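Trainee: sequence and computational prediction follow.
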Amino acid sequence: MNAIEVNSLQKEYQVFDRKPGLGGSIGSVFWREWKNIKAVDSISFRIGEGELVGFLGANGAGKTTTLKILSGLLTPTSGNVEVLGFEPWRREREFQKQISLVMGQRTQLWWEIPAQETFRLNQAIYGLPDKQYRESLDELVEMLDLKDCLAVPVKKLSLGQRMRAELAAALLHRPKILLLDEPTLGLDVVMQKKVREFILDYNKKWKASILLTSHNMADLTALCPRVLILEKGKLIYNGNLESLVRQYAENKIIRIVFDGDVPASAIAALGGTADSQKTGMWVSVPRSEVSKKAALLLSSFPVADLTIEEASVDEIVRKIFSKS
Amino acid sequence: MKKYLRAYLISLQETLQRRSSLVMDRLGGVAVMLSLYYFWKTLLSGRPAFLGYSYPQMLTYVLGMNILRSFALTGRGWELVGEISSGKISSYLVRPLNYHGYALALDLSQKTVHLFAALLEIGALLIFFHPPFYLQKSVAAMSLFIGSLLMASLLFFFLEFLVSSLAFWTSESGGPLFFFELFIQFAAGAFFPLDVLPRLLQKGLSLSPFPYLVFLPINIYLGRVGQGRALQDLLISFVWTVVFAAASLHVWRKGLASYSAEGG
């Protein structure tokens, strides 16, 4: 059964067209021009039970809008959406008890007091019996390493601690659907890794369906076998992350560090590009010709070091966007 | 019900945690009370009565205003406006929670803290300044006063909620709320008794819900309104409360429908 089903979803916003400068600001007091923006433009996709899917796209591509529709915050302009069999925007209690939305930038924690107070409020809001609440809390505290943070006022927590407390608050009721908007935004590399490991654990343990947006490629490669890519509100890719890499990275990159000087003309003759310090070069080669080309380079130049790399996911996505 | 009780308690904790802003808030209120106290004291010195208020009644009106401001005219309109325009409201809307009930619970916790503070301030004023104080001894009048006080705070809650909800449409500011706050203090009698105003204006205001917020409760306390009349006024203020509860729910639903949370 699909946990999430989206068919021909469309969402339009009305925004007011601000003219630049002081004159424009004064003018806008008396007269405003409104224009329609298509934030999401007839997209369709499905997410199965227990699936972890990444949501990719530039700022303003419509990712957050889609998450807001799935969580029931926004009503679509047209199209069908079913999450666990519910229409999200009806905001039925039974639906809300089974989902959670975490927006990295916004906190639901009470700022001046310890996070455990927010947890207890959520216990009451979701109507969790004491036993279940205890079990759930102990487990989350363990998994997220939150023991020392529980009794500290939220405003005194570090960003990483706060994000983990945020996740705990959002997961106390063990939602079956988890919508994560930029869960690792602003965290250092160690903390990013911790949060990623947790998301994966939670997904495995509770068979939760998770949809997450991120600008962080490491999040996607570590977590999401499948990705959806949005551009200007349109779904331009829905599929396996690995085959995406294969499809768009027809070439591999061979990098060489020279042992001695090599004239630029010799590098160019073999289709390479000298690096900025002139101590090495790189060349992009179709997958099938990598070994032949490497052998040729080794025999033609004084080589101190040679590496063969996959193109980065960042580059691949840039490529997709430039082609579409 | 448990969730709203928990919300009340957590908000109580946070209000007490923000001691410095609470103290600043109260100092502002004390300054208003003291200036009005000296104003009326000077104006009434040597006169037995003014506009039908005896000297003790007028000074009691001033002290009573502090109670009514603290309990009835206290709310979290600015927080609501902030939550709507910043999009923080989203985090409540995705949880199984009635936002009106939740907001009322938070409101009550603030009212509780401010009511205690107001009682302490008035106690201190009575101890240090010994003003003549009108003590209402009738149980019936006191019950009617407490009833009108509770009704006033409910009425204010829905009025403020209604005005704050306009932030769904005026996304960049709390302009309507700013106007509302100033206007309501004037129209409710929280600066001076409404008897000071020209008769026509008084008549106009008496057709509005505003006098039921401050002016009427204090006058019930002062025994200037007969019990039959007080009961009738209480009923009218109940009707106003129902009207504005319905209106604020309606506007809230409309606002939610057109809600476009910040960021895309």
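Mentor: In hand now; what should we look at? Numbering: from 1, shown residues only, chains lettered A, B, ... in the order given.

Trainee: okay, whichever residue of the stretch 201-324 of chain A sits closest to chain B: pLDDT?
Mentor: Residue nearest to chain B within the stretch 201-324 of chain A: residue A:233 (9.2 Å; C-beta to the nearest C-beta). Placement of C-beta: from N, CA and C, glycine included. For residue A:233, the pLDDT comes out at 91.

Trainee: likewise residue A:242?
Mentor: 81.

Trainee: following the helix or strand bottoming out on mean pLDDT in chain B, which helix or strand comes up?
Mentor: Taking mean pLDDT, DSSP states H and E as the measure, chain B has strand B:49-50 as its least confident helix or strand, at a mean of 85. Downstream of strand B:49-50, the first helix or strand assigned by DSSP states H and E is strand B:53-54.

Trainee: in the very next helix or strand once past that following strand, what's buried?
Mentor: Per DSSP H and E, the first helix or strand lying C-terminal to strand B:53-54 is helix B:55-71. Residues of helix B:55-71 classed as buried: B:55, B:57-71 (neighbour count, 16 or more other C-beta atoms under 10 Å in any protein chain shown).

Trainee: which strands or helices does helix B:55-71 pack on?
Mentor: On a contact count with 3 or more C-beta pairs under 8 Å, 6 or more residues apart in numbering or on different chains; DSSP states H and E, helix B:55-71 meets helix B:19-44, helix B:99-129, helix B:139-165, helix B:215-221.

Trainee: mind running it again at 10 Å?
Mentor: Applying 3 or more C-beta pairs under 10 Å, 6 or more residues apart in numbering or on different chains; DSSP states H and E, we find helix B:55-71 packed against helix B:19-44, strand B:49-50, strand B:53-54, helix B:99-129, helix B:139-165, helix B:175-188, helix B:215-221.

Trainee: centre of the chain versus that helix, how much separation?
Mentor: Distance of helix B:55-71 from the chain centroid (C-alpha atoms, centre = their mean, to the nearest Å) equals 13 Å.

Trainee: mean pLDDT for the helices and strands packed on helix B:55-71: which is lowest?
Mentor: The minimum mean pLDDT among those belongs to strand B:49-50 (a mean of 85).

Trainee: what helices and strands are in contact with that one?
Mentor: Judged by 3+ C-beta pairs under 10 Å, 6+ apart, strand B:49-50 is in contact with helix B:19-44, helix B:55-71.

Trainee: would a markdown table of these with distance to residue B:188 be doable?
Mentor: Below are those laid out as a markdown table (distance: least, C-beta to C-beta, whole Å):
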| stretch | distance to residue B:188 |
| --- | --- |
| helix B:19-44 | 14 |
| helix B:55-71 | 8 |
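
Trainee: which of the ones you listed sits closest to residue A:192?
Mentor: helix B:19-44 (35.4 Å; C-beta to C-beta).

Trainee: for that closest one, which positions count as buried?
Mentor: Those would be B:22, B:25, B:26, B:29, B:30, B:32, B:33, B:36, B:37, B:40, B:41, B:44, for helix B:19-44 by 16+ other C-beta under 10 Å.

Trainee: and chain A, which of these contact it?
Mentor: The subset of the buried residues of helix B:19-44 within reach of chain A, by C-beta under 10 Å from any C-beta of the partner chain, is empty.

Trainee: determine which two of those are furthest apart.
Mentor: For these, the farthest-apart pair by C-beta to C-beta is B:22 and B:44; their separation is 32.5 Å.

Trainee: relative to the least confident helix or strand of chain B, what are the paired strands and their orientations?
Mentor: Partner strands for strand B:49-50, per DSSP bridges, with pairing direction: strand B:53-54 (antiparallel).

Trainee: quick one: residues in contact with the strand it pairs with.
Mentor: The contact list for strand B:53-54 (C-beta atoms under 10 Å, 6 or more residues apart in numbering or on different chains) reads B:40, B:44, B:47-48, B:59-61, B:132, B:134, B:193, B:195, B:219, B:222, B:224.

Trainee: let's have those in CSV, adding distance to residue A:137.
Mentor: Listed next are the contacts of strand B:53-54 as CSV, based on distance: C-beta to C-beta, whole Å:
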residue, distance to residue A:137
B:40, 56
B:44, 61
B:47, 66
B:48, 67
B:59, 54
B:60, 51
B:61, 52
B:132, 57
B:134, 54
B:193, 54
B:195, 58
B:219, 52
B:222, 53
B:224, 56
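
Trainee: sorry, back to before: among the helices and strands packed on helix B:55-71, which is the most enclosed?
Mentor: helix B:215-221 (a mean of 27; mean count of other C-beta atoms under 10 Å in any protein chain shown).

Trainee: is the next helix or strand after it anywhere near chain A?
Mentor: Next along the chain after helix B:215-221, taking DSSP H and E as the criterion, comes helix B:227-257. Yes - using C-beta under 10 Å from any C-beta, helix B:227-257 comes into contact with chain A via B:256, B:257.

Trainee: identify each buried residue in helix B:227-257, please.
Mentor: By neighbour count with 16+ other C-beta under 10 Å, helix B:227-257 contains the buried residues B:230, B:233-234, B:237-238, B:240-241, B:244-245, B:248, B:251-252, B:255-256.

Trainee: same for that helix, what does it pack against?
Mentor: Where contact means 3+ C-beta pairs under 10 Å, 6+ apart, helix B:227-257 is packed against helix B:99-129, helix B:139-165, helix B:215-221.

Trainee: columns distance to chain A on top of those, output as TSV?
Mentor: Converted to TSV, these look like this (distance: least, C-beta to the nearest C-beta, whole Å):
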stretch	distance to chain A
helix B:99-129	9
helix B:139-165	16
helix B:215-221	32
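
Trainee: distance to residue A:44 for those helices - can I get that in CSV?
Mentor: Listed next are the helices and strands packed on helix B:227-257 as CSV, based on distance: least, C-beta to C-beta, whole Å:
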stretch, distance to residue A:44
helix B:99-129, 32
helix B:139-165, 35
helix B:215-221, 59
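
Trainee: okay, and residue A:73 sits in which element?
Mentor: Using DSSP H and E, residue A:73 falls outside every helix and strand.

Trainee: once you drop chain neighbours, what's closest to it?
Mentor: Leaving aside its sequence neighbours, residue A:73 sits nearest to residue B:90 (C-beta to C-beta, 6 or more residues apart in numbering or on different chains; 5.3 Å).

Trainee: the one you found touches residue A:91, doesn't it?
Mentor: No - using C-beta atoms under 10 Å, residue B:90 makes no contact with residue A:91, being 11.9 Å away.

Trainee: residues touching the most centrally placed residue in chain B, list them.
Mentor: Most central in chain B under C-alpha atoms, centre = their mean is residue B:73, positioned 1.6 Å from the mean C-alpha point. By C-beta under 10 Å, 6+ apart, residue B:73 lies in contact with B:65, B:111, B:114, B:152-153, B:156, B:160, B:181, B:184-185, B:188, B:190, B:213-214.

Trainee: what of residue A:244?
Mentor: A:56, A:226, A:227, A:229, A:237, A:313, A:316, A:317, A:320.

Trainee: which residues touch the fifth one?
Mentor: The neighbourhood of residue A:237, defined by C-beta under 10 Å, 6+ apart, consists of A:56-57, A:227-231, A:244, A:247-248, A:317, A:320, A:324.

Trainee: can you tell me how far it is from residue A:56?
Mentor: Distance from residue A:237 to residue A:56, counting by C-beta to C-beta, to the nearest Å: 8 Å.

Trainee: same question for the third one.
Mentor: Counting by C-beta to C-beta, the separation of residue A:227 from residue A:56 is 5 Å.

Trainee: which of those two has more neighbours?
Mentor: Between residue A:227 and residue A:56, residue A:56 has the larger neighbour count (other C-beta atoms under 10 Å in any protein chain shown), namely 26 against 21.

Trainee: name the element the residue nearest to the more buried one when sequence neighbours are not counted belongs to?
Mentor: Take residue A:56 and drop its neighbours on the chain: the residue closest to it by C-beta to C-beta, 6+ apart is residue A:229, 4.6 Å away. Following DSSP H and E, one finds residue A:229 within strand A:226-231.
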